[in-house]
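Undergrad: here you go, sequence then predicted model.
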Amino acid sequence: MGRFKVIKVMDFLLIREGNIIAFYFWVCLLLYKEGNHVKYRFYNQFDIINSGVNWQMDWKAVTFDLDNTLFSHEEAFKKAIKECFKTFSDKYINEAHEITYEQFFPVFKLNCDRYWDKYESGEVDGKTYRRIRFNETMKDLALPYGNNYADFFHDHYYSIVDEYSEPFEGVHELFEVLTEHGVRIAIVSNGSADTQYNKVKKLGINKWVSEEHIFISEEAGVSKPDKEIFKLVEKKLNLPSHEIVFVGDSWAHDVAGPIDAGWEAIFLNTRKEGKPTEHQPAAEFEEFTHLKDELIKMVRERRAL
């Protein structure tokens, strides 16, 4: 529908009905934006950001996911795996069985995803998961495999992956402003403790996030989206659920999970994922810098406290 037609329809509604619902719909249409990487979904009163509306909320803590929320795990993973594959190839793969990285990585990533649920559910531990994904990949490609090979590959991976973990632009600025205004910051992430703590250190965010406010599923004994991990955070922060907002990139883990636990959630949809459930996040962004700008604006205008 063209802009002129929309205006004529809304003029008709306003004149004929003269009601506040029509007016509200008209305002929503004017405010709705789709093409600038910030999607304003009119889920509820918390959703109208950067619109001149006084967005009142009671958040006393902002809790973040780690991978693909504060940095691009996908990019760090790809770069580190590429280096590991080269090192492994030089040492163990002869020219008769030469496979390129471009052939190796899609198969490896497929097996990473295929067996992830086994690790996340606790069916296998981290080392077993890593051995499975490596060995199944090498079998698929008719390359040398075995637990010793898998351990060599992953030991090298964990020794270098942090070098490729760089925070998104604006992470440090946002954390500094939140801290200056008394907003607590926490991290909740699924994964192994050593790996995730190393990422926190490499990202340089432990300056603003104390260790007691970092919650890793391996240590907690429960993973997102289970409500229990969010209740654990509430207890540690000594805050009720409605005073905490979660920011993350996974719909199931970082939107549906927190909302089911009684929290608000902001969907940082960096990978442009779909939304398989009817959960309603407070807002959605596709770039961290836009999220950062809005949160900083809200805090500085004292709309967030």
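TA: Sure, I can see it. Numbering: from 1, shown residues only.

Undergrad: how about the helix or strand hosting Asp151: buried residues?
TA: Element membership of Asp151, judged by DSSP states H and E, is helix 147-160. Using 16 or more other CB atoms under 10 Å as the test for burial, helix 147-160 gives Tyr149, Ala150, Phe152, Phe153, His154, His156, Tyr157. C-betas here are computed from N, CA, C, even on glycine.

Undergrad: okay, now Asp293: neighbour count?
TA: Neighbour count for Asp293, taken as other CB atoms under 10 Å: 18.

Undergrad: against which helices or strands is the one helix or strand it maps to packed?
TA: Element membership for Asp293, per DSSP H and E: helix 288-300. Helices and strands touching helix 288-300, by 3 or more CB pairs under 8 Å, 6 or more residues apart in numbering; DSSP states H and E, are helix 171-180, strand 264-268, strand 283-285.

Undergrad: now tell me what touches stretch 128-135 from outside.
TA: For stretch 128-135, contacts defined as CB atoms under 8 Å, 6 or more residues apart in numbering pick out 108, 111-112, 114-116, 118-119, 124, 145-147, 149-151, 153-154.

Undergrad: avg pLDDT for it?
TA: Average pLDDT, stretch 128-135: 98.

Undergrad: same deal with stretch 284-295?
TA: The model assigns stretch 284-295 a mean pLDDT of 96.

Undergrad: buried set for that stretch?
TA: Glu284, Phe285, Glu286, Glu287, Phe288, His290, Leu291, Lys292, Asp293, Glu294, Leu295.

Undergrad: ok, the last one touching Leu178?
TA: In other words, Leu295. Yes - the pair Leu295 / Leu178 is scored as a contact, 7.3 Å apart, by CB atoms under 8 Å.

Undergrad: element containing Phe104?
TA: Using DSSP H and E, Phe104 falls in helix 101-120.

Undergrad: by contact count, what packs against that helix?
TA: Against helix 101-120 (3+ CB pairs under 8 Å, 6+ apart) you get helix 73-92, helix 126-140.

Undergrad: who's in contact with that helix?
TA: 78, 81-82, 85-86, 123-126, 128-129, 132-134, 136-137, 140-141, 190, 217, 223.

Undergrad: in stretch 64-74, which residues are buried?
TA: Using 16+ other CB under 10 Å as the test for burial, stretch 64-74 gives Phe64, Asp65, Leu66, Asp67, Asn68, Thr69, Leu70, Phe71, Ser72, His73.

Undergrad: just give me how far it sits from the chain centre.
TA: 5 Å (CA atoms, centre = their mean, to the nearest Å).

Undergrad: next, the distance between the ends of that stretch.
TA: 17 Å (CA to CA, to the nearest Å).

Undergrad: what is the mean pLDDT for that stretch?
TA: Mean predicted confidence for stretch 64-74 is 95.

Undergrad: equivalent analysis for stretch 152-166, please.
TA: 93.

Undergrad: circling back: of all the helices and strands packed on helix 101-120, which lies closest to Asp162?
TA: helix 73-92 (8.2 Å; CB to CB).

Undergrad: got the buried residues for the closest one?
TA: Residues of helix 73-92 classed as buried by neighbour count (16+ other CB under 10 Å): His73, Ala76, Phe77, Lys79, Ala80, Ile81, Glu83, Cys84, Phe85, Phe88, Ser89.

Undergrad: tabulate those residues (JSON lines), appending distance to Glu211.
TA: Shown next, in JSON lines, are the buried residues of helix 73-92 (distance: CB to CB, whole Å):
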{"residue": "His73", "distance to Glu211": "21"}
{"residue": "Ala76", "distance to Glu211": "22"}
{"residue": "Phe77", "distance to Glu211": "25"}
{"residue": "Lys79", "distance to Glu211": "28"}
{"residue": "Ala80", "distance to Glu211": "25"}
{"residue": "Ile81", "distance to Glu211": "29"}
{"residue": "Glu83", "distance to Glu211": "29"}
{"residue": "Cys84", "distance to Glu211": "29"}
{"residue": "Phe85", "distance to Glu211": "34"}
{"residue": "Phe88", "distance to Glu211": "34"}
{"residue": "Ser89", "distance to Glu211": "38"}
